[in-house]
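1. Structure for the following, please:
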Amino acid sequence: MQIIVDSHPFHVASIPKKCYNRGMRKKISISKHDKLWAKIVRERDGECRFCGSRNNLNAHHIFGRSRSATRYVITNGISLCANHHTFSPEFSAHRTEEGFRKWVKKLLGREYLKLEKLSEKYQSREAAVKEFIATVALPLL
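-> Alright, predicted model coming up:
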C-alpha cells in the first residue's frame, strides 16, 4: 500500500507508527493551487532550510492549511526534506512541533509575527485562491 504526500509516494510501512496513531494516514485533498504553491516554495528555497539537503523536498505550511488567509501565501511556506518535515523524532515539523515552532520563529524573526497575525484573520478559501492566482500571475506579465 502507498500514500502520496506532496507528489512523493511513501510505503505505509515507512511512516512512523506515532503518525498512524495520531490519524496522519488519512487522505488529504490537495488542489492544483496547493500543488502550485508547494512547487513555488520548493523552487524558491531549493534545499531543506534546516539541513541543506536537496533530496525529497516537501513544502511545509508554517501556519496550517486550515488557515485560509495564509494557506497560499508563499512566505508561509518553508522547504524541508522528508526527514525534517515528517519523519525525524529529533526534529521535524510534525513530530517535534514545539521545537520546530521555536526554530522557525527564530529563523523568520519579524516575518513570523506578521504571518501569525495574518493567519488569524478570516478569509474564505475562494478569496484566498483568487488572491494567490493574482499574486502568481503578476510576475508572468
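
2. give me every residue that touches the nearest residue to residue 124 once chain neighbours are set aside.
-> Of all residues not flanking residue 124 in the chain, residue 68 sits nearest, at 6.4 Å (CB to CB, 6 or more residues apart in numbering). Placement of C-beta: from N, CA and C, glycine included. Applying CB atoms under 8 Å, 6 or more residues apart in numbering, we find residue 68 in contact with 122-125, 127-128.

3. What of residue 75?
-> 111, 115.

4. just to revisit the earlier point, let me have the contacts of residue 68 in CSV, adding secondary structure as columns.
-> As requested, these are exported to CSV (DSSP: H, G, I helix; E, B strand; the rest coil):
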residue, secondary structure
122, coil
123, coil
124, coil
125, helix
127, helix
128, helix
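
5. Report the buried members of the residues you listed.
-> 123, 128 (16 or more other CB atoms under 10 Å).

6. What is the nearest of the contacts of residue 68 to residue 61?
-> Among those, residue 128 lies closest to residue 61 (CB to CB), at 12.3 Å.
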